[in-house]
Each structure stands twice: as C-alpha cells, then as structure tokens.
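Chemist: here you go, sequence then predicted model.
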Amino acid sequence: TPSRAAFMTGRYPRTTKCRQNGQAMPANEKLVSRLFADAGYTCGLAGKLHLSTCDPRHCPDTERRIDDGYDVFHWSHAPDPDFPGNAYRRWLDERGQRYQTPAFRDSPHVCAGMPAEHHQTTWCAEMAIDFMRQQASGDQPWLFSVNIFDPHFPFDPPAAYLERYLDRLDAIPLPVYTPGELDNKPRYQQPPFRDRYHECGPHAFEQMSDADHRLVTAASWAMGDLIDEQVGRMLRCLEETGQRDDTIVIYMSDHGEMLGDHSIYLKGPYFYEPAVKVPLIVSWPGKMRPNRRSRALGELMDLAPTLL
C-alpha cells in the first residue's frame, strides 16, 4: 500500500499517510488515474489496487472504492478468490473452474498453481486485451492498469512452467547469505520478527534445504515466465489494433521478493536491493529511443509526474 499510493500520486508515504498495508488513502489525495479521467481518458484496471482496507471479514464484497477514476474496474486483490467481489473468481466460475493450488510434488514450500489458461496472470491480460480492443474503435485516449498479483507469495506458478526447471535446479544460485550477518541488524531482520509476514508460511530459512531454496527460486522465475508471455500477448494486441505507436507502456512493480537473500523470504521493512530495486521498462515507439539503459537515479514517485 505505501508503494502503490506513492506511484499512483507521485507523493511519499509521509504525505499520502499510507504507511502500511490496509490503510485508506485520504480523500484529499489525487490518483494519477483520477487526473487522467478528469482530462477525458477512459481508465480501466484489472487485478489489485490495495489503497484501502481489504479484508473479507470487514469488506465482504470488495475493497472500499476511493475516488480512483477507473471506469472499468475488474478487481482481484489476490488469486485466492476469498471475496465474492473478486472478478477473477467470477471468471473462473463462468468457465466451470474451481480455484485450487495443491502442493507441488509434496513440497511444503511451492504450490502447483492454476493451469496457464486459467491463471490469474492470464485473466489480468485477458481483461486488458478486451479493454484495448474496445478502445481501438474510438478516438478517446485511455489508460489501463494491469495489476498482476505475481510474482508473489504463495509461490504457485502453473505446474508445467515449474517443471521446465526441474532438470537444471542445481544450476540455480542459492540465496546470498553469510552466517552471522544478522547479529548486528535491527530486530525486524531477525527471527521471530523476520518471519511474521504471513508467519512466513513454510519459508523459515533455517529449516529449508538447498534443494528447497532452489525450488522456490525456480517457482518465482516460472511465475515471471507466465507474466512475460502475457505481456507479449498484450503488446501483440496493441500491434494488431493499430495502437502500439500511440501507447506508452510501463513495466514495473510495487516491490520485490527477497527469495532467501540475507536469510529473508517475502518482503518487509528493510532496504535490501531484492526488495526495493524493481524493474522499470518504458516503451513508446517512435518517441523514445529503444534498447537504452539509463544509470540515472529513478524511483516510483517519478512515474505519475512523468506521465502528467
């Protein structure tokens, strides 16, 4: 939530007042999607927003809508369809599919996710493609937020995608960790505080073997493989509908994943590169020079003012 509020407003958590997950965006904050909508854009979203309280015990249908500017709102906070308002859940129901993620080959650390054609990543792309095709016939400008949940805990790529890595698991690097390196670190980097996020599930570092670490990394990579495929589908849709040269595409994330580095899994209040150095790829054919890598310092707060 702090990250999402920051890149959707261009303002820091101290200003947006969103300092932890589940805090509501104050009414006086303006999202960039609201500003685009006010300027005549049709705005849409598929997937996560997470700028207000989101808990099925208190919000039985969906997270509380704020003045977000989205005309099209395919909301899915997470793949696990707990919420009746989870649009991904309704999409599965329409296809006669039941959401299930059993353990992958009896591993306590990795799940066999939904098949690619029924995965939440694919659903997000489908919603974006439907939106882009609808907009192609008009001349109104648009913005669409494709908020795929993955790569994220739980590690549940389609089984077929993870199986591609099984014959080369030994080549996957182990987490970067030196025994004793946490001795002088804040308590939030040490057990039990370190493992409080979802109680760390089964990802307590000291209890995992080298094979366990490598399998979790492979699962995270496999989730990325599916995302790559679906991003390719969305880009092809832009090409096929004649919108590619008139569309700015931004590929980024709200946070990273520690993947066992410094003995930490998932995420938390620490400033290590795996957690904070997320991708930022921007494409605009004919307007931005392609295949250029910048060493300039950038941050997610730069996105909203840059777009405006």
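Modeler: Cool, the structure landed.

Chemist: point out where the stretch 151-300 of the chain drops to low pLDDT.
Modeler: For the stretch 151-300 of the chain, the stretches with pLDDT under 70 are 196-201.

Chemist: helices of that one, start to end?
Modeler: With DSSP state H, counting those that start in this stretch as the criterion, the stretch 151-300 of the chain has helices at 159-163, 210-240, 273-276.

Chemist: got the buried residues for the last one?
Modeler: Right, helix 273-276. Within helix 273-276, the residues scored as buried using 16 or more other C-beta atoms under 10 Å are 274, 275. Backbone N, C-alpha and C define where each C-beta goes, glycine included.

Chemist: now do it: distance to the chain's middle.
Modeler: How far helix 273-276 lies from its chain's middle: 14 Å, per C-alpha atoms, centre = their mean, to the nearest Å.

Chemist: quick one: contacts of that helix?
Modeler: With contact meaning C-beta atoms under 8 Å, 6 or more residues apart in numbering, helix 273-276 is reached by 255, 256, 257, 258, 259, 261, 267, 268.

Chemist: hang on, the earlier thing: pipe the helices of the stretch 151-300 of the chain into CSV and attach distance to residue 74 per row.
Modeler: Formatted as CSV, those follow (distance: least, C-beta to C-beta, whole Å):
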stretch, distance to residue 74
helix 159-163, 23
helix 210-240, 14
helix 273-276, 28
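
Chemist: out of those helices, which comes closest to residue 137?
Modeler: Evaluated over those, closeness to residue 137 peaks at helix 210-240, with 13.1 Å, by C-beta to C-beta.

Chemist: other SSEs contacting that closest one?
Modeler: Counting contacts by 3 or more C-beta pairs under 8 Å, 6 or more residues apart in numbering; DSSP states H and E, helix 210-240 is packed against helix 120-136, helix 159-163, strand 249-252.

Chemist: determine the angle, from 0 to 180 degrees, between it and helix 120-136.
Modeler: Comparing the axes of helix 210-240 and helix 120-136 via axes from the mean of the first three to the mean of the last three C-alpha atoms, to 10 degrees yields an angle of 10 degrees.

Chemist: now do the buried residues in helix 210-240.
Modeler: Under the neighbour-count criterion of 16+ other C-beta under 10 Å, helix 210-240 has 212-227, 230-231, 234, 237-238 buried.

Chemist: any idea how far that helix is from the chain center?
Modeler: 12 Å.

Chemist: for the helices of the stretch 151-300 of the chain, which one sits closest to residue 48?
Modeler: Using C-beta to C-beta, the helices of the stretch 151-300 of the chain put helix 210-240 closest to residue 48, at 13.8 Å.

Chemist: re the thing from before, quick one: which of the helices of the stretch 151-300 of the chain is nearest residue 29?
Modeler: Comparing the helices of the stretch 151-300 of the chain under C-beta to C-beta, the one sitting nearest is helix 273-276, at 22.4 Å.

Chemist: only alpha carbons, please: show the closest one as CSV.
Modeler: Below are the C-alpha coordinates for helix 273-276, written out as CSV (Å, rounded to 0.1, in the frame of the first residue of the first chain):
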residue,chain,number,x,y,z
GLU,A,273,18.0,-4.4,-3.3
PRO,A,274,15.9,-7.6,-3.9
ALA,A,275,13.0,-5.9,-2.1
VAL,A,276,13.3,-2.3,-3.5
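
Chemist: which SSE is residue 27 in?
Modeler: Using DSSP states H and E, residue 27 sits in no helix or strand.

Chemist: thanks a lot, see you next time.
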